[in-house]
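Enquirer: What would the 3D arrangement of this be:
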Amino acid sequence: MKNKTTKKMAIVFAVTLAVIGIVFAVNVINVKSYNNMVHCATYSGTALFSENAKSGDISVSAIPRGSSWTKAFDLNNEGLKEHNYQAYTYDITVSNNTKDEVRSYSFKLTFGKQVFLLSGWNGSVEIHQKVNGGELVSSIPDLRDYKASEYAVKTVVFDGDTLISMKPGDYLVYYPSTSDNAVEMPIAPHEGTVPGFILYTEIGTDIGDSTLEISYKFHRVLTTEPLFWISAGAMCVWLIALIIFVITSAKIRKYRLRHERDNKIINESIETFTGFIDAKDPYTNGHSKRVAKYTRFIAEKMGYEGEELDRIYYVALLHDCGKIGVPDNILGKPGKLTDEEFQIIKSHTVRGGEILDHFKSLEGVNEGALYHHERYDGKGYPKGLAGEDIPLIARIICVADSFDAMNSNRVYRKKLTKEYILNEIESNKGRQFDPAVADVMLKLLRNPDNLLDF
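Expert: Here you go, the predicted structure:
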């Protein structure tokens with residue numbers, strides 16, 4: 001029973017731990033998969049160039065600052081002096097509206113009309129210009145400080161400023177700065193960053209027909225996931241339960257060892273005492289122990305187990321303790337007993353009950369000694385109890401005691417045959433024996449693998 005319980009609990013703990021591990025692993029996998037996912041969004045028109053920019057996990061707005069800074073761009077070398085282009089500073093606000101960190105991002109800004117790029121901050125840009133049916137691509141680490149001669153990029157110079165010419169359909173790709181002086185990445189939860197550009201556009205026009213496409217990755221922290229805390233809480237409960245189980249098991253094991261030791265002491269003490277009784281008659285030596293063993297077998301088949309089965313065994317072991325007061329010459333008399341001698345023999349039940357009446361630590365211990373010679377039909381002694389009025393343990397001992405008496409040599413006869421014993425038990429059902437107990441005994445005796453020395 002102990003090993004089965006321990007194995008069951010071990011299985012329960014193992015399965016529970018596996019479930020917690022699976023939940024945690026699923027959480028880790030989900031977070032990792034989420035962090036590796038590339039998200040994309042596209043903004044244009046009023047969704048990009050107004051204060052009511054479209055919101056979501058990531059929102060982007062490109063609101064130009066007010067400007068009166070103008071230049072005359074003589075694009076066709078016509079000697080134009082009148083200012084026709086105006087400079088605007090576009091702050092590209094990238095806002096993180098989530099509880100997760102934006103670990104990386106970049107955006108592509110495609111122009112719908114011709115503009116001239118003067119400067120930008122803080123990251124690097126990749127310029128894509130359509131030239132003669134082809135494309136020029138140049139990566140510029142910092143637009144604030146670059147030499148046009150070092151890059152394959154189409155530029156124009158007006159009033160000493162070198163400008164990058166971006167025609168309709170040309171675009172730039174912006175990569176945020178990670179330098180200590182201008183950290184634009186990562187973007188903390190509910191924070192933002194503001195890269196920007198200085199562009200010249202034709203006076204009276206804007207770049208509202210431009211399109212910005214942003215791609216980004218989130219970095220979700222495992223501890224922000226409900227499943228993490230569920231699995232962590234479950235793990236704490238599991239550990240507490242395991243500690244309690246280990247401590248309880250240790251205490252139970254200690255209790256069992258002490259109980260087994262106490263039972264051994266009790267058993268050895270009782271067996272020593274009953275040995276004194278059985279030694280008074282060499283022909284019945286070992287009788288008490290055999291009756292206790294048979295009683296235990298019957299009780300076990302009737303559904304008793306554990307400590308209750310141990311109690312029944314001890315009660316049966318002491319059933320003949322009253323014989324300690326019967327003279328040896330009567331116990332060992334080979335011939336027929338006189339009426340007076342028989343009354344003395346019969347008195348061992350009452351004397352046994354009186355002796356064991358003070359044995360309070362073993363419940364009902366005196367019932368076996370006092371009532372094991374009562375008969376189911378009410379013709380037994382010492383009180384003439386009948387049927388269910390006889391304690392069950394005494395009814396069981398009665399069958400076991402009678403079987404051992406018939407199955408062993410006595411001073412006045414040899415042991416009886418198997419057929420005779422079976423017939424006696426069968427024929428005395430409802431008379432001397434409780435029919436239900438007798439049927440259990442007969443089933444044990446007829447079992448080819450019986451353990452009753454039969």
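Enquirer: Give me the packing partners of the host helix or strand of Lys32, helices and strands only.
Expert: Assessed by DSSP states H and E, Lys32 sits inside helix 2-36. Here helix 2-36 touches strand 211-219, helix 226-279, going by 3 or more C-beta pairs under 8 Å, 6 or more residues apart in numbering; DSSP states H and E. Quick note: C-beta positions are derived from backbone N, CA and C, even for glycine.
Enquirer: want to try TSV for those, with mean pLDDT and distance to Gly66 as columns?
Expert: TSV is the format used below for the helices and strands packed on helix 2-36 (pLDDT from 0 to 100; distance: least, C-beta to C-beta, whole Å):
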stretch	mean pLDDT	distance to Gly66
strand 211-219	96	21
helix 226-279	85	47
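Enquirer: related to what we said a few turns ago, and the helix holding Lys32, which residues are buried?
Expert: Neighbour counts using 16 or more other C-beta atoms under 10 Å place Thr16, Ile20, Val23, Phe24, Asn27, Val31, Asn35 of helix 2-36 among the buried residues.
Enquirer: just to revisit the earlier point, right, so of the helices and strands packed on helix 2-36, which gets closest to Lys414?
Expert: helix 226-279 (19.0 Å; C-beta to C-beta).
Enquirer: how big is the angle separating the helix or strand that the closest one is followed by from helix 226-279?
Expert: Going down the chain from helix 226-279, the next helix or strand is helix 287-301, by DSSP H and E. On the basis of axes from the mean of the first three to the mean of the last three C-alpha atoms, to 10 degrees, helix 287-301 is oriented at 150 degrees to helix 226-279.
Enquirer: For helix 287-301, C-alpha coordinates in PDB please.
Expert: Provided in PDB are the C-alpha atoms of helix 287-301 (Å, rounded to 0.1, in the frame of the first residue of the first chain):
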ATOM      1  CA  HIS A 287      -2.500 -23.500  18.600                       C
ATOM      2  CA  SER A 288      -3.000 -19.800  19.500                       C
ATOM      3  CA  LYS A 289      -0.600 -18.700  16.700                       C
ATOM      4  CA  ARG A 290      -2.300 -20.900  14.100                       C
ATOM      5  CA  VAL A 291      -5.800 -19.700  15.100                       C
ATOM      6  CA  ALA A 292      -4.600 -16.100  14.800                       C
ATOM      7  CA  LYS A 293      -3.200 -16.800  11.400                       C
ATOM      8  CA  TYR A 294      -6.400 -18.500  10.200                       C
ATOM      9  CA  THR A 295      -8.500 -15.700  11.700                       C
ATOM     10  CA  ARG A 296      -6.400 -13.200   9.800                       C
ATOM     11  CA  PHE A 297      -6.900 -15.000   6.500                       C
ATOM     12  CA  ILE A 298     -10.700 -15.100   7.000                       C
ATOM     13  CA  ALA A 299     -10.900 -11.400   8.000                       C
ATOM     14  CA  GLU A 300      -8.700 -10.400   5.000                       C
ATOM     15  CA  LYS A 301     -11.100 -12.200   2.700                       C
END
